[in-house]
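Trainee: I'd like to go over a predicted model; first the sequence, then the structure.
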Amino acid sequence: MRWINLVLGTVLVAGVILLGLVSLAWTPFDPTLVVPGERLQPPGWPHILGTDAFGIDVFSRIMAGARVVVQVGVVAVGLALLVGVPLGVAAAMSHRWLSDLIMRGADILYAFPALLLAILLAAAVGASTMTAAVAIGVASVPAFARVARAATLQVMSSDYMLAARAAGTSPLAAAVTHVLPNIAAVIWVQASASFGMAILAEAGLSYLGLATPPPAPTWGRMLRDAQNVIFSNPEQALWPGLAIAAAVLGFNLLGDGLRDQLDPRLRDIS
Amino acid sequence: MNPASRSPVAPVTALLEARGVTRRYGDGRRRVDALRRVDLAVPPGARIGIVGESGSGKSTLVRLLAALDRPTSGETLFRGRRTSGVPERGLADLRSSVQLVFQDPRSSLDPRMTVGRIVTEPLRSRRLRHRGDVPSPSADRLQEVLAGVGLAPELAHRYPHELSGGQRQRVAIARALAPDPEVLIADEPVSALDVAVRAHVLNLLADLVRARGLTLVFVSHDLAVVRLLCDTVVVMKDGVIVEQGSMEEVYDRPRDPYTAALLAAVPRLRS
Amino acid sequence: MNGLLDVADLRVEFGRHRAPALRGVSFSLQAGQRLGLIGESGSGKTVTALAVMGLLPETARVSGSVRLDGRELVGLPDAQFSDLRGVAMGMVFQEPMTALDPTMRVGRQVAEVALLRGRATRGDTRTNVLQLLTRVGFVDPERIADAYPHQLSGGQRQRVVLAMAVFNRPGLIICDEPTTALDVTVQARVLDLLDEILGESGAACLFISHDLAVVSRVCSHAMVMLDGDVVESGPVSQIFAAPRHPYTQGLVATARLDLVTPGERLPTIEDYFRREDFR
């Protein structure tokens, strides 16, 4: 059962990444080319997923959209990991007052929605894929900090941390050698779930026009474009919707599968 | 603080010492005094057993002696120098000379480290290396230490969950002995083990203490086990010491009724 | 054999690649008899108990026969097993916290066992619960009944579990390392209590432990297990005074800490028995 998670997750995630990479070099049609004469063609040949209301090839747009998805996910999750995890570990390992300070800061940030942040960033430097990714990343920092803190507290209560102190291991060394490896599994799960969340959030932001500016294709904008013809051509919303769902599911499954594989104690029970 | 402790004419400086230590957890209505003004001196070469039920404060006391916890009041000393209220970097001498073995090796060994990395952890610590004569974390030293506790060299690449309970506790003992400590504090080291495995671990501890001239602080709820390893015994109940004396004296003629009750509770074969 | 519990040629395997957990175990327990199952971890003593209670995981392949009061338990559907547990057999495990629901007051949990049987009415259940808590040695049963499990000590929790195990007056009580997690003093009190309760109720007991001394305190008979086999069984006094199998001799020697002079080497199993020579 656990292998299925890992395999299916890997396949879906690899599919998204592959689509994005290939789109850099090649797409069946130009994903931004408007051909008024070929509007709303049904799936078939040569447009395997048909064309949209502008006559753009849907499959080419999906491929180009995957690129944006990967970019946003990597930047957002990377940012949240690099900032959130050290903060959470530090909060768990430090004195009460510092811990309280970090966690109250995280609470304030948590109450500050990604949407607002994205609007502010877009207003300040202009909406782009990067501003959306940074906004999503910053908004995910508190979640990572909390998960890291809770997991670290559990590690801190174990006798091996006491033994490490008795062995003269400094807190920083203990954080690197004991805490990080032991909280990695939880962090991985959080990261993959966040990756899925980031994809959803990016879709939402580009739907609102707060992320990648047109004409660059994104799955979120495809949904918005589909909205105008939703009653006559519902399949226009289906393709980007499926792509988003598959990517989100893929990252979640991959996270679960990784967690099972990374834990040496779970690895042997099969 | 106390000028007498620094006086050069003091007869024998205790290696480890607790002076009037109190350890309080929580506050208000949920306040618990785990220790109440306890005094204890561990002279060099002593083999002291600390006996009591869970909640008697015995584990709290050894954690204070090892400076892994701070007393609410009172002070702890190592070689006559204060260790309570001292920042971690001032404890290098204590850290390199006092090592611990805990009750449950499943909790005291990092599940994500190999045996080799666990055992050499104290040798990789910069603070301990400060002492100068701490062995280097070499492969030779690792093999030497593993052999010293009766573990095969190839176990160095295994993870704790791949070992038996007895092997795990040997790994914990190997880690404690790696930096050549003077004092070994063992906190219920055999309580989580099968009776059959217990004999091996106790024999090993006895051999190591004798061969290396270690000072031993052995915590247990079982007087029968303490009797085999220690020459002095301290009986604790509800955060205070109720009886203290030579092992023989206390085992054969307990003065405190609580000690007598502890003795009576020791499981014996009924024949 | 027509005892209360008849186990014949019980074999249990977990997967084809592992050594069998039980290699054909047979024993019989008469009504009111107390049998100690002794062995180290991995010897099959807990698997035996789980097989009797029908608590083996689904992956286990079981053959042979387990009869309780003449009724075959091997292959019994889980629903029917649930009806037996807590009614025809009481259970006490090593870690009382796993047997108790942390979110439910102790009194209600004991009462639920009573309602299992369906004949008790709610009114007299409370009275019964308090009586029973008194019987397992609580001087303030009201307070215990209203407490949550985490508010009790390990020994208190184990006494509550004991109360639940005997509530329906089962003919058989199965104890799996019931005192291993406890201090010696608390262990002594729980064992005394178990002895007393078994004496009063006349229930038979299957008592699993790695500690001979503990078994000798409760049981009249003992059975020594090694790698899924029974190597020796008989009256406790005989096994301890004149063990025949070298493994048992080793076990008896390691249990006798009181005979060792301080400073002397403790005897170990390997002084008497080496696995390599045995198999």
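Mentor: Right, received. Where do you want to start? The shown structure was predicted, so the numbers you read here are calculated from the model rather than taken from an experiment.

Trainee: Give the buried residues for the helix or strand where A:F251 lies.
Mentor: Counting by DSSP states H and E, the secondary-structure element that holds A:F251 is helix A:235-262. Burial within helix A:235-262, assessed by neighbour count using 16 or more other CB atoms under 10 Å in any protein chain shown, is assigned to A:235-237, A:239-241, A:243-244, A:247-248, A:250-261. Where you see a C-beta, it was placed from the backbone N, CA and C, and this is true even at glycine.

Trainee: counting contacts, what elements does it pack onto?
Mentor: In terms of contacts (3 or more CB pairs under 8 Å, 6 or more residues apart in numbering or on different chains; DSSP states H and E), helix A:235-262 is packed against helix A:2-25, helix A:58-93, helix A:180-207, helix A:219-227, helix A:264-267.

Trainee: And stretch A:100-118, how far out from the chain middle?
Mentor: A distance of 19 Å separates the centroid of the chain from that of stretch A:100-118, by CA atoms, centre = their mean, to the nearest Å.

Trainee: in that stretch, what counts as buried?
Mentor: Along stretch A:100-118, the positions that meet the burial threshold by neighbour count (16+ other CB under 10 Å) are A:I102, A:M103, A:A106, A:L109, A:Y110, A:A114, A:L115, A:L117, A:A118.

Trainee: I'd like the list of the residues you listed that fall within strands, please.
Mentor: Among those, no member is found in strands (DSSP state E).

Trainee: Pick out the lowest-pLDDT one from those residues.
Mentor: Taking those together, the minimum pLDDT is found at A:A114 (76).

Trainee: Quick check: B:V197 touching B:G165?
Mentor: Yes. Under the contact definition of CB atoms under 8 Å, B:V197 touches B:G165, with a separation of 6.0 Å.

Trainee: So for those two, which sits in the more crowded spot?
Mentor: When B:V197 and B:G165 are compared on other CB atoms under 10 Å in any protein chain shown, the one with more neighbours turns out to be B:V197, at 24 against 18.

Trainee: Spatially central residue for the chain, please.
Mentor: Reading this off chain A. A:F195 (1.8 Å; CA atoms, centre = their mean).

Trainee: Can you look at chain C instead?
Mentor: C:C175 (1.8 Å).

Trainee: hmm, back to that, let's have the buried residues of stretch A:100-118 in CSV, adding distance to C:L50.
Mentor: Output for the buried residues of stretch A:100-118, formatted as CSV (distance: CB to CB, whole Å):
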residue, distance to C:L50
A:I102, 47
A:M103, 44
A:A106, 46
A:L109, 50
A:Y110, 46
A:A114, 51
A:L115, 54
A:L117, 55
A:A118, 56
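
Trainee: So which of the residues you listed is the closest to A:P181?
Mentor: Within the buried residues of stretch A:100-118, proximity to A:P181 (CB to CB) peaks at A:I102, which comes in at 22.0 Å.

Trainee: So what's the residue count around residue 164?
Mentor: All of this refers to chain A. Taking other CB under 10 Å as the criterion, the count of residues near A:A164 is 25.

Trainee: try chain B instead
Mentor: Neighbour count of B:S164, defined by other CB under 10 Å: 14.

Trainee: ok, the residue nearest to C:L172 when sequence neighbours are not counted - how many residues close by?
Mentor: Nearest in space to C:L172, with sequence neighbours left out and distances taken as CB to CB, 6 or more residues apart in numbering or on different chains, is C:M89 at 4.4 Å. When neighbours are counted by other CB under 10 Å, C:M89 registers 25.

Trainee: Please apply the same query to A:L120.
Mentor: Counted with other CB under 10 Å, the burial measure for A:L120 works out to 13 neighbours.

Trainee: pLDDT value on it, please?
Mentor: We note a pLDDT of 87 for A:L120 in this prediction.

Trainee: Show me what the helix or strand that contains it is in contact with.
Mentor: Of the helices and strands defined by DSSP H and E, A:L120 is found in helix A:114-125. When contacts are taken as CB atoms under 8 Å, 6 or more residues apart in numbering or on different chains, the neighbours of helix A:114-125 outside the stretch itself are A:127, A:131-132, A:134-136, A:138-140, A:201, A:204-205, A:208, A:210-211.

Trainee: from these, which single one is nearest chain C?
Mentor: Within the contacts of helix A:114-125, the smallest distance to chain C is 32.5 Å, found for A:S140 (CB to the nearest CB).

Trainee: Distance of the closest one relative to A:A80?
Mentor: 4 Å (CB to CB, to the nearest Å).

Trainee: Residues that sit against both of those two, list them.
Mentor: Residues touching both A:S140 and A:A80 by CB under 8 Å, 6+ apart: A:S194.

Trainee: What's the local residue count around A:A167?
Mentor: Neighbour tally, A:A167, other CB under 10 Å: 27.
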